[in-house]
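Trainee: A predicted structure for the sequence below; I have some questions about it.
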Amino acid sequence: MHKIVIAAFLAFAPTAQAHDFTAGTIFIDHPMIEEAPPNAPVIGGYVTLHNNGGTDDRLIQIESSAAEKVEIHKTTVTDGIARMQPLTEGLTIPAGDIVWLGDDGTHAMFVKPAKRYQVGDEVPATLVFEKAGRIDITFKVEERSLTDGPGHEGHGQ
Amino acid sequence: MLVAVAAAGGAFLAFGPRQSPTSAWEAIYAKPFQLVDQDGTPVTQANFLGKPSAWFYGFTHCPDVCPTALAEMSGILEALGADADKLQVVFVSVDPERDTPEIMKDYVEYFDARITGLTGQLDQVTTMAKDRYIFFEKVPLEGGDYQMEHQASIQLVTADGRFSGTLASEEGFETRLAKVRRHIGNN
């Protein structure tokens, strides 16, 4: 009985709990999506990538059955104008370095989500790395911060 | 007092502005427009005068800047408490071809029911943006989709329709909140 209570408690524990995955020498920390309005046509995903290997790697694609497609973008604000561009070369993760998809306006854009994803939901996706290959992960849907920009709370800590 | 300020503003314009751009003094937000709110109700500039306001120009097919701006405005309304009544927050779609009133309703009300969402005909939005020196542009994406380039910051506007400053995400919440408090206190 006790165990069941603890298990139930863990299941409903705060959503910002760390969860991580490993693909070869790439450590994938805290993939998260910020909850969006019910009918949002796009939702943004973020993840921290540690390259513990000796050679550079690249996140070249994200696939997901939970959306029509997933694109890796970078939003820049120049002279007050927001512009979004696809990262056609993907996201480089230098050897020994930590890269946050979320830094500097970078994000994964899930286009036309299959359903409404709410805080606590898990969104399945496959990260495709140039060297480390494919790995199935889940992005956890978390509450959007009312005070800070995308994914600022608890990323990669 | 208000008259004196208005007169001073007028004199300033008449003799040529020295520091601020003319747009800071012209009541560009009092220029006429016709759009619809998230309930499909027609609105004009008159609906948004008489009270300080904060305007954001974005679109719902926007994964980061737009939801962030709206969440941040919702956070500011929360922090203002009862003073939130002194501010009108407006989200104008620069992608009215996709953002119907129904879509705008679900979208803005998710963040805060006190935020007004505006959409309409593309030419109406274009005219409004030009009148207010707001930039937006449709840019094609691969696969036939498109995205909008748009003004990233929130525009603060006085009760009589004059641009008075911006709020930018990178300023941090406390700075933005202080600016808004000053904005609604001075009107």
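Mentor: That came through fine. Please read all numbers here as calculations on a predicted model, not as lab measurements.
Trainee: quick one: contacts for residue 147?
Mentor: Going with chain A. B:E72, B:G75, B:F173 (C-beta atoms under 8 Å, 6 or more residues apart in numbering or on different chains). All C-beta spots, glycine's among them, are computed from the backbone N, C-alpha and C.
Trainee: my question was about chain B
Mentor: For B:Q147, the contacting residues are A:M84, B:F59, B:H61, B:C62, B:K138, B:V139, B:L141, by C-beta under 8 Å, 6+ apart.
Trainee: ChimeraX command for the buried members of those residues?
Mentor: Applying 16 or more other C-beta atoms under 10 Å in any protein chain shown to the contacts of B:Q147 leaves a buried subset, and the ChimeraX line that selects it is:
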select /A:84 /B:59,61,62,141
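Trainee: in chain B, which residue sits nearest chain A?
Mentor: Nearest to chain A, among the residues of chain B, is B:G75, at 3.2 Å (C-beta to the nearest C-beta).
Trainee: and that residue, that's in a strand?
Mentor: No: applying DSSP: H, G, I helix; E, B strand; the rest coil, one finds B:G75 to be helix, outside a strand.
Trainee: I figured it hits B:F173, correct?
Mentor: Yes: taking contacts as C-beta atoms under 8 Å, B:G75 lies within contact range of B:F173: 6.6 Å.
Trainee: who has more neighbours out of the two?
Mentor: Shown here are B:G75 and B:F173; by other C-beta atoms under 10 Å in any protein chain shown, B:G75 has more neighbours (20 against 16).
Trainee: name the SS class of A:G44, please.
Mentor: Secondary structure state of A:G44, per three-state DSSP, is strand.
Trainee: and what of B:K105?
Mentor: helix.
Trainee: could you find the closest non-adjacent residue to it?
Mentor: B:Q38 (3.7 Å; C-beta to C-beta, 6 or more residues apart in numbering or on different chains).
Trainee: residues contacting that neighbour?
Mentor: B:P101, B:M104, B:K105, B:V108, B:E109, B:T116, B:G117, B:L118.
Trainee: what number of residues lie near the nearest residue to A:G24 once chain neighbours are set aside?
Mentor: In this structure, A:G24 finds its nearest non-sequential neighbour in A:A132, 4.0 Å apart by C-beta to C-beta, 6+ apart. When neighbours are defined as other C-beta under 10 Å, A:A132 has 21 of them.
Trainee: likewise for A:R83?
Mentor: Using other C-beta under 10 Å, A:R83 is surrounded by 18 other residues.
Trainee: how about it: what's its closest non-neighbour residue?
Mentor: Nearest one to A:R83, counting by C-beta to C-beta, 6+ apart, is B:E149 at 4.7 Å.
Trainee: give me the local confidence score for that neighbour.
Mentor: B:E149 is assigned 95 on the pLDDT scale.
Trainee: so which strand or helix has it?
Mentor: If you go by DSSP states H and E, B:E149 is part of strand B:146-151.
Trainee: just the CA atoms of that strand, as CSV, please.
Mentor: Output in CSV follows, covering the C-alpha atoms of strand B:146-151 (Å, rounded to 0.1, in the frame of the first residue of the first chain):
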residue,chain,number,x,y,z
TYR,B,146,4.8,30.8,-44.7
GLN,B,147,5.7,32.7,-41.6
MET,B,148,5.4,36.3,-40.6
GLU,B,149,8.3,38.6,-39.8
HIS,B,150,6.9,41.1,-37.3
GLN,B,151,7.6,43.7,-34.6
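Trainee: ok, it: who's next to it in the sheet?
Mentor: Strand B:146-151 has its sheet partners listed here by DSSP bridges as strand A:81-86 (antiparallel), strand B:136-140 (antiparallel).
Trainee: could I get the full set of strands for the chain?
Mentor: I'll assume chain A. A:20-23, A:26-34, A:42-51, A:57-63, A:67-78, A:81-86, A:91-93, A:98-104, A:106-113, A:122-129, A:133-142 (DSSP state E).
Trainee: hm, I was asking about chain B
Mentor: For chain B, the strands defined by DSSP E occupy B:34-36, B:42-44, B:53-58, B:88-93, B:115-118, B:136-140, B:146-151, B:154-157, B:163-167.
Trainee: can you lay out these as CSV showing distance to A:Q118?
Mentor: Listed next are these as CSV, based on distance: least, C-beta to C-beta, whole Å:
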stretch, distance to A:Q118
strand B:34-36, 29
strand B:42-44, 31
strand B:53-58, 22
strand B:88-93, 22
strand B:115-118, 20
strand B:136-140, 30
strand B:146-151, 25
strand B:154-157, 27
strand B:163-167, 28
